[in-house]
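Student: Quick check, what structure comes out for this input:
(chains A, B and C)
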Amino acid sequence: MNRILKTFCASLLALLPVAAMAQIDGEFVKPRTGKFLLQNATVVTVTKGTLNNTSVLLENGKISQVGTNISAADAEVIDCSGMFIYPGMIDGGTRLGLVEVSSVPETVDYAELGNVTPNMQALTTVNPNSEAIGITRVSGVTTVLTVPTGGLFPGTAALINLNGYTPDQMYGGFKAIVMNFPSSGRRGRFDRRSDEDIKKDSEKALKEANEIWDNAKKYLELKNAGAELQYYPEMDQLSKAVSGELPLLIVVDAASDIQNAIKWVEGKNIKVIFSGVSEGWRVADEIAKAGIPVITGPVQELPSRQSDRYDAAYSNAGKMAKAGVKVAIRTDEEENVRNLPFHAAFAAAYGLGKEEALKAITINPAEIFGIQDQYGSVEAGKRANLVVSTGDPLETKSQIMHVFIDGYRIPMSNRHIRLYQEFLERSPGLKAN
Amino acid sequence: MKKLNIILAALLGLGLNYSYAQTPKGSVLIKNATVLTVTKGNLENTDVLVQDGIIKQVGQNLAAPSGIQTIDASGKFLMPGIIDAHSHVALDVVNEASAPIVAEVRMKDVVNPFEIGIYRALAGGVTISHAMHGSANVIGGQNATLKHRWGSDDPAEIIMQDAPRTIKFALGENPTRVHGRGNGIQPRTRMGVEAVLRNGFNEALQYKKGWETYNSGKGQKGNTLTPPVYNERLQTLADILDGKIIVHCHSYRADEIYMLINVAKDFGITKLVFQHTNEGFKVAPEIAEYTMGASVFADWWAYKMEVYYSTAFNAAILQRNGVITSINSDSAELIRHLYHEAAKTQRYGGLTDDEALSMITINPAKQLGIADKVGSIEVGKQADLVIFEGHPLSSYAVPQMTFVDGVKYFDIKADKDDQRQFVSATEMVEPVFLHSEEDHQCLQDVDAYFEAFQGAFLEEKN
Amino acid sequence: MKKQFLKAGIVGLLMAGFLSQSAWSQSDPTGKRRVSATYAITNATIFAAPGQQGTKGTVLFREGVILGMGANLSLPKEAQVIPGDSLFIYPGFIDGAGTTGITKPKDLERPKDFVSSSPPDEIAGITPWRSASDQFSIAGNQVEDWRKAGFTISQVMPDGGMIPGKASVMLLGSTGSVNVLLENTALAANFRGARGMYPSTPVGVMAKFREVYQNTTLALDHSKLYASSTGVKRPEMTPTQAGMSAVVQQQIPVIFTAATDLEVRRAISLQKELGFKLILSGLENYESVIDLIKSSGIPVLIKLQVPDDKAVKSQKADSVVTSDTKAQYERVKEAYDKALKQASLLEKAGIPFGFSTVDAKPGDAMKAVQAMIKNGLSEKAALAALTTNPASILGISRVAGTIEKGKMANFVVSTDSIFKEDAQIKHVIVDGHLFDYEVKKKAANGNGKSEIGPVTVAGVWEYTSETPAGSSSGEITLTKEGSAYTGSISYDDPSGSGKVTAPIKNVSVNGKTLSFEFDVNAGGNNLTVTITGEIIGATMEGTMSVAQFGSFPLTAKLSSPSLSN
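Tutor: Numbering: from 1, shown residues only, chains lettered A, B, ... in the order given. You can find the predicted model right below:
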C-alpha cells in the first residue's frame, strides 16, 4: 500500500515539470480585472475622432479616463506605443453560445418547436464555456446579440458580452423579441403559383400574424386592467413587444416582405429593428422614410437572386446608409462570428466607406439597441470593452494584441491558438526518437 | 465570341473539331501596375504584355505592338488569376452517391457553362476552378479542371483540356454516413473506409493483370483466351496506381489522413493531395514528406464533429512544416473572395504576402498539375490575370478586371445587371424566391440516400 | 388503370380473332364490320406531299393501299364514297418517338439480397431486351386522342429507366388489326437515373451506358471467338448484352431523349466516343446546338410542344413594376420568343426534323405547330416534320409520308387548310380504316373557347411528384360526400421503404382547380403538405408544396373514376 502510494507520488512529481513547460509564456490562465493604464496609443474613439499619443485608464469595469496625461500609480501599465485602441466590436445578430457543433442536434439549442414561442430565452441557454466564445473574443468582437430562430415568434434575443461564467455575468443589458416576418415570395423554383394565389397565401399568413398580435394586445389590456388571467407565457412575453417594453426584432429579407413589414409596423407604436434585410437596397428609401434601423448581413453572401449583380450583398449596407438608413452589421454566424470585422471591411470597400463600416459594428448597433451610453465608442464613463491592435482591426494583417471586456483583461488564447502552439513544431516530429 | 471564332477558323481554313474546340485567346498590354508575380517577387511600375493568350514580356516601358489594346493599371495591383482547388461551381450533378466507389463517373460529362457562379467567381479574380465530384463516396468521380471562359455555351470550351486527370476521394463522416448509416453497406466506420480503399486497389491490380494476360494472348493463333469483363471503375483505379491520375482526398481527421498516406505508400501512389484537411496540422510532417500537399479552408470549423478540433492556424502550421498548401472555397460564395481567405493566414500565423498569395495561385496550380502553365506571372505562362484596386490581401481590396488566356471576362466598369446566360421561358419573375441552393457543396445530390421527406430538406455542409 | 388496359388488350385480341374468323364465315353478329374496304374521298383538295400545291381530286384506296388519286378516277362499284368537296386531305402524321398506348410495366420487387450500389439491371432501369410492342395497347384514350390529332403512325418507346428497351413502329389503327409495322426499330435511352441506387444521376448514367456498351462489344467478340475456335469458354451473354447487340452492331440506332442543349451535347459526346447510330428526341431547348446537330448529321425529333405562356402572360404592366423587374420580364419574354423560333432556325439550317409527342398534349399539338409557323417555320417544313421527315428517320418512306399510289392509306382530312387556326380534323384514315370526328360549328364569338364543364374529381388518382429527393408516387383516393370531398393519400414512407396512407383534409374544388392538404410525420415533426392542381379530363397537373421547403411539380392520372362525381 505504502509502496503504491509512493510510486504514485513519484509519478505525479515526474509530471509536474511537464505541466509547467506546457504553460505558455505570458499567457494568463483566466481573465483578470483590475486597474489598467493603456499608454500612448492611437485611440480611435469612433465618436470623438482619432486621438494620437493618448492613454486610456480602465477601472471598475469602466473607461475612467481618456487623455494624454493620465497618472495612475496603482494601475498596471500596458505600453501601447505604435498600437491602436478601438471600442469592442458588436455583432448585431448571431447564434453564438446557442450551438456547439451544428451537425450534432444534441448541441443545437437555438430553434424550439412551435410557431409562437417568444418566451424562449436565448440568454438562459447561452453556454458561457462554448469553445466558440473564446475563439470569437480574441478577434476584438466583445459583444454579440444572440438570436433564436424557428417559427413566427421564435423567442427572445439577448445581448451578451463574451466574458463571464454565467449568463447573468455575460448579459449586456438588451433584449428583443424576435419575429420572422411572413414571406410572400415563391417557395422555390418549382413554385408556380399564380400571383393571385401567392397574394392570398401571403395575406393569410399576415392575417394569422395579426391575430396573434391582437391576442397579445388583448392580453396586455386585460392584464393592465388588473384581470386575473390564466397562465399564458407566450402572450405574457409577446405583450412586452406590444407595450414597447421590449423592441421587436423583425427578421425580413425580400424587398416585398420589407415593404409589407414597414406597412405592418405603421401605427403600432412599438420599437422595431429590422434584421437581415438582404434586399434592403431595393427599397432603401422606404426603410429610411419609415425610420426603422437595420442590422444587415451577412455581407460576405451570395446575391439573393440569380439576376442580381455579383456584389449585391457586399454593397447592400452602403446603399441603405446612403439612403439615410441607420445600419449595423451582423454575421448571422455561430462559430465564425470572428469574421465580423471582415464583413464590415467588405461593406466598406463596396460603398459604405471605412468610417461608416466601423460605426456599423460599434456605435450604430449600440444606438440601435439604446445602450450607446455604455457601448460603441472609447469614451470616459463607458464600459471597458476595448481592442488593442497593431493596426486597423478590419484588416487581416493586423494582429489583435489585447482585448478588454467589462474591464477584464482577456487571455489572448483559445483552443485554436493552443493547437498552433502545440503543433507548429510538433514533438516528436516526423520520426519518433 | 464563339461566332467570331467560327469566322476566324473558316478564314484560316481550319476545320472546327467538336471535342476540342478552339478556345478564345487574347492580346493586351497592361501598363504601370504593381506586379505581384508570386514566384519572382513584386515589380513596381511594371508592364505585362500578353499576345495570343500567353505572357510574352514582363518589364518596364513596354510598347504595345500595333492592334493590341493597352490598359493603364497605375496605382493598381496585378496578380496571377486565382485558382480554386476545390469547387462545385458549374456542375449539373455533384454526387453519384449510390456506391462507395464510383471512380468511373466523369464530372466533365456534366459541366454547365451557363452557371452564374462562373461569372461571380471571375468577379472575385478566380480564373480556374477544380470542379470536383462530391464527398459521398470513398472513391468518388473524376473531376474537371475548368477555365472560366464565361459566355461559352459549349462545356468543352470551359474545360481546361491540357490539365491532367484528377479524382475525388473522401474519408470520414460523409462516406460512412451515406453508405454505412444511410444504405446499410460498408463503410460504416473509418476502418471500413480503409478496407474499401484497399479492396478497390487490390481488385484493380487483379483487373489489370487479367487484361494484360488477355491482351498478350489476343490475336495469336489458337488463342482461347476470352476478354475479361470491362470495368471502367477498376480501370480508373488501375490508372491511379499507374500514376496517371492525381488523387484529391476530402479528409478532416489526422488519423484518416495518416491512414491514406499509408495506403498510398503500400500501393505506390505518389500523386496525392488532401482536401479540407482540417486536422492536417497534426500530421503536417507526414503530409510534407509524402504528398503533393493540402488544400484547406481558411477558418471553417465546428460545423460537424470531425472539424471540431480544428484551428484557423492550420494553413500556417502546414506551410511552416513544408507542406504545399492552398486555400480553397468548396462554396459558390467563398470562391468570390479567396484573396481574402488567403489573407487570413496573415491574421492566423503571420504568413508573408508571397506565402499567402501562393496559396491561391502557384500552390493550387501545383496540386492540379498545371503549375507549368499557370499560377504565376512569368513569361511563357498562360495569361490568366487579375487587376486589383488595393493590395489583394487587404480586406478592402476590390478586383477590377479578370483575364483568362488574355481575354477579359470581367470588368467592374462594364459589369451590367443580370449576367445570366440562360433564362427560362417559363420563369416567374415576381414575387421572388430568395434561393441559396446555388451554393454547391460537397454533399449535394445525396439527399435521396437519407430518408425521403426529411432528407429532401436537409442542409448539408461539406 | 393497368388492369383496365390489360382487359382492353384482351378484348381487342379476342375481337381480332373473332373478326378474322368472321371474314371466313361472312357473318358478324355485332353488325360493326365495314361492308367494303374500298373507299373514295371525292373532289377534295389534296396535299400529296410537303411543298406541293393542293389539287382538286379524288383519292381511292382499298384494304389500306392507295389505288390512285386524281381528277378523273373511275371508281369501282364497291367503293364507299365520302364527298370531300369542302375538305382538305393530307398525308397521315407520323410521330417520331412517343409513348402513346404504352403502359409502364410493374416495378419489380427488390430481391432480398438487394444492394443499392450494384442493383440487378432490370431494377436499375437497364432493360434493353424489353420491347415496346409488349407494353403497347391500341385500345384506350391515348391512341384515340393522338389519332384524333391526325397521327396515324407512331414509333413508340417502352417506359422504364435509363435504357427502357426497344421501340416499335405502330399504326394507330383499328382495334381489330395487327398494328405493328416494324418491331425493335431503335433502342430508347435517356439520362434518367434510378432512384436510390446506382446509377442515380446523369453522370452515373453516362458511365453505366459506356460500361454496358463496352461489355456488349466484348461479349460479341467472345461469341465470335467461340464460334470459330475450340477450347474456348462458353460465352454467357447477359440479357442486357443480348439486348444491346443490335445497337453495337449498328443495326439499329439509339433514340436518346435529350431535352436541353447540354443533354444534346452529352448524347453526342457518348455517340462520338462509342460509335453507335443516334437519333435525338424530345428536344426542347436547342438553339445553341443547331450548328452541332447540323455538323454531326444526327436526326432530331423535337418536342411537339411550345413552352406555356403562363409566365409571359402574368407579367404586369411596365407602370407598376420596378425597372429591374421590367428588365427581367424582357429576358423571359425574349427566352419565350426564342423558344418558339427554334424550329424555324432548324429549317434555316437545313436540318430535316420530326416531332416527338412525349409529354405533349394531343389537344394542343396543332396549336404548337401553328405557334412555330407564326414564328417563322414554313408550312412546308411543318408538314414535312409531321410526315416525310419522320418517315425517312424511321425508314418507312417507301410506304408512308406522302399520298402516292401504292403507299399506305393514311390521311388526315380537315375542314380547312390544316395549319389554319380554325381548321378541324373531320376524318383520320389509318391503314384504310376510317375514323370520323365531330366537327364543331365555329363559335359565334370566334374565340373557340368552350365552357368549363363539370370536372371529374372523385375516384382514384395515381400521382407522381418530382422532389429534390427524386420522384415519389402514390394514390389519391377522393370520395364525394354530399357536396364535399373526403379521402386519403398514399406516399413514400419518410422513415423507410414502402408506403403510408394519410387522411386528406380541406379539399376544395374551384372550377378546374383541386386542392387539399395532408400531414406527414417526419422525424417527430408534423409537416403539412398542400397539393394543388388543375384537372384537365382525366389528368391533373399541379404542385405539391411543403411550407418552408418548397413546391414540387406533381402530375396525376385518374385511374378509376368514381360514378358518384
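Student: got the residues of the stretch 101-250 of chain B near chain A?
Tutor: Within the stretch 101-250 of chain B, the residues that sit near chain A (CB under 8 Å from any CB of the partner chain) are B:Ile116, B:Tyr119, B:Arg120, B:Ala123, B:Gly124. C-beta: built from backbone N, CA, C; applies to glycine.
Student: Would you mind giving those as CSV with pLDDT, distance to B:Phe281 and secondary structure added?
Tutor: Shown next, in CSV, are those (pLDDT from 0 to 100; distance: CB to CB, whole Å; DSSP: H, G, I helix; E, B strand; the rest coil):
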residue, pLDDT, distance to B:Phe281, secondary structure
B:Ile116, 95, 35, helix
B:Tyr119, 98, 35, helix
B:Arg120, 97, 31, helix
B:Ala123, 98, 32, coil
B:Gly124, 98, 26, coil
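Student: Using a markdown table, please lay out these together with neighbour count and distance to A:Trp213.
Tutor: As requested, these are exported to a markdown table (neighbours: other CB atoms under 10 Å in any protein chain shown; distance: CB to CB, whole Å):
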| residue | neighbour count | distance to A:Trp213 |
| --- | --- | --- |
| B:Ile116 | 24 | 39 |
| B:Tyr119 | 20 | 43 |
| B:Arg120 | 27 | 40 |
| B:Ala123 | 25 | 42 |
| B:Gly124 | 24 | 43 |
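Student: how about the residues you listed, which pair is most distant?
Tutor: B:Ile116 and B:Gly124 (13.0 Å; CB to CB).
Student: returning to what we had before: ok, of the residues of the stretch 101-250 of chain B next to chain A, which one's closest to chain C?
Tutor: Closest approach between these and chain C, by CB to the nearest CB: B:Ile116, at 13.0 Å.
Student: Which element, helix or strand, includes the nearest residue to the closest one once chain neighbours are set aside?
Tutor: The shortest distance from B:Ile116 to any non-neighbouring residue, by CB to CB, 6 or more residues apart in numbering or on different chains, is to A:Gln306 (5.2 Å). Using DSSP states H and E, A:Gln306 sits within no helix or strand.
Student: my read: A:Gln306 touches B:Gly117, true?
Tutor: No. A:Gln306 lies out of contact with B:Gly117 (CB atoms under 8 Å); the separation is 9.6 Å.
Student: Look at the two and report which has more neighbours.
Tutor: Neighbours were counted for A:Gln306 and for B:Gly117 using other CB atoms under 10 Å in any protein chain shown; B:Gly117 has more, 28 against 20.
Student: For the stretch 51-200 of chain C, which residues are neighbours of chain B?
Tutor: C:Val115, C:Ser116, C:Ser117, C:Ser118, C:Ala194, C:Arg195, C:Gly196, C:Met197, C:Tyr198, C:Pro199, C:Ser200.
Student: could you redo the last one with a cut-off of 7 Å?
Tutor: Within the stretch 51-200 of chain C, the residues that sit near chain B (CB under 7 Å from any CB of the partner chain) are C:Val115, C:Ser116, C:Ser117, C:Ser118, C:Arg195, C:Gly196, C:Met197, C:Tyr198, C:Pro199, C:Ser200.
Student: Angles on the backbone of residue 135, please.
Tutor: Defaulting to chain A. The phi/psi pair for A:Ile135 (degrees, to the nearest 10) reads phi -80, psi -30.
Student: Correction: the question concerned chain C.
Tutor: phi -100, psi 0.
Student: if we can go back for a sec, measure the residue nearest to B:Ile116 to A:Ser256 for me?
Tutor: 17 Å (CB to CB, to the nearest Å).
Student: Quick one: low-confidence residue ranges for chain C.
Tutor: For chain C, applying pLDDT under 70 flags the ranges C:1-26, C:442-454, C:467-470, C:493-497, C:521-525, C:547-550, C:561-565.
Student: Do you have the helices of it handy? List them.
Tutor: Taking DSSP state H as the criterion, chain C carries its helices at C:2-25, C:132-135, C:141-148, C:202-228, C:239-248, C:261-274, C:290-296, C:310-313, C:323-348, C:365-374, C:379-386, C:388-394.
Student: mind saving the C-alpha coords of the third one as CSV?
Tutor: Read it as helix C:141-148. Extracted as CSV, the C-alpha positions of helix C:141-148 are listed here (Å, rounded to 0.1, in the frame of the first residue of the first chain):
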residue,chain,number,x,y,z
ASN,C,141,-57.8,7.0,-74.8
GLN,C,142,-54.1,7.7,-75.5
VAL,C,143,-54.2,6.2,-79.0
GLU,C,144,-57.6,7.6,-79.7
ASP,C,145,-56.5,11.2,-78.7
TRP,C,146,-53.4,11.2,-80.8
ARG,C,147,-55.2,9.7,-83.8
LYS,C,148,-57.8,12.4,-83.4
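Student: Now do the same contact list for A:Ala227.
Tutor: By CB atoms under 7 Å, 6 or more residues apart in numbering or on different chains, no residues touch A:Ala227.
Student: can you check A:Pro365 too?
Tutor: Under the criterion of CB under 7 Å, 6+ apart, the contact list for A:Pro365 reads A:Ile90, A:Gly92, A:Ile295, A:Ala328, A:Gly376.
Student: hang on, the last one in a helix?
Tutor: No. The secondary structure assignment for A:Gly376 gives coil rather than a helix, going by DSSP: H, G, I helix; E, B strand; the rest coil.
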